[in-house]
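Undergrad: Dropping a prediction and its sequence here:
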Amino acid sequence: MQAVIIYDSLTGNTRRAANDIADELYRFGIGSNLFKVSEVSDAAVAGADLVLVGSWTDGLFVVAQKPGRRRKFKHLLPDLTGKRCAVFCTFALNPGNTLNKLTKLVEAHGGDVVGGMSIRRDDLEGGAAELTQRLVAVLSA
Ligand SMILES: Cc1cc2nc3c(=O)[nH]c(=O)nc-3n(C[C@H](O)[C@H](O)[C@H](O)COP(=O)(O)O)c2cc1C
């Protein structure tokens, strides 16, 4: 099984979370290719069995949260028609509806979102492990 992880990261947390998720998936025999959202293409996801999309949380910390640089995802996400997808976001205090908004963006590109998780920036490894376990359970059900 092969995964593609697409992310945007301003200060490195979401990139680290993406790397941690790739490490965790590898423990379950799933290889990953990682792409910044600004560098991914339709061809990059063509052979993927699972596509993860990750953003950071942008907002006023307790209100108006959304995926950071949401327009990038809107314009640059590849065609995900028929792809099983998962979403994740990193956050400091409160992710609000970031994950739901990211889910809608992925669905607007044709993706079938089967799971997701908001990952607190002070426990990226723990969040990556939990998300991966949830996804593996869904994929093997
Ligand atoms: C401009 C800006 C706005 C942010 N707004 C929120 C917010 O509303 N809620 C929250 O929990 N974290 C917020 N954060 C924190 C980031 O989402 C968090 O640090 C995230 O892990 C950053 O990911 P990155 O290092 O990949 O850029 C904000 C950060 C920035 C720079």
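TA: Received it, and whenever you're ready, just let me know what you need.

Undergrad: Spell out which parts of the chain neighbour the ligand.
TA: Counting by CB under 6 Å from any ligand atom, the residues of the chain lying close to the ligand are 9-15, 56-61, 65, 90-95, 121. C-betas here are computed from N, CA, C, even on glycine.

Undergrad: Which residues does stretch 97-111 contact?
TA: 51, 53, 55, 57, 59, 65-67, 70, 73-74, 77-85, 87-89, 91, 113, 116-118 (CB atoms under 8 Å, 6 or more residues apart in numbering).

Undergrad: Among these, which lie within helices?
TA: Using DSSP state H, 70, 73-74 are the members of the contacts of stretch 97-111 that sit in helices.

Undergrad: if we can go back for a sec, type out the ChimeraX command that picks the buried ones from the contacts of stretch 97-111.
TA: The buried subset of the contacts of stretch 97-111, as determined by 16 or more other CB atoms under 10 Å, is captured in ChimeraX by this line:
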select :51,53,55,57,59,65,66,67,70,73,77,78,80,83,84,85,87,88,89,91,113,116,117,118
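
Undergrad: avg pLDDT for stretch 43-51?
TA: In this model, stretch 43-51 has an average pLDDT of 97.

Undergrad: ok so, going back, and the residues of the chain next to the ligand, which are buried?
TA: Buried subset of the residues of the chain next to the ligand (neighbour count, 16+ other CB under 10 Å): 9, 13-15, 56-59, 65, 90-91, 95, 121.

Undergrad: thought Gln2 was touching Leu25?
TA: No. Under the criterion of CB atoms under 8 Å, Gln2 makes no contact with Leu25, lying 9.7 Å away.

Undergrad: what sits in contact with each of these two?
TA: In contact with both Gln2 and Leu25: 31-32, using CB under 8 Å, 6+ apart.

Undergrad: who has more neighbours, the two?
TA: Ranked by neighbour count (other CB atoms under 10 Å), Gln2 and Leu25 place Leu25 first, with 23 against 13.

Undergrad: my read is that one is in a helix, agree?
TA: Yes. Counting by DSSP: H, G, I helix; E, B strand; the rest coil, Leu25 is found in a helix.
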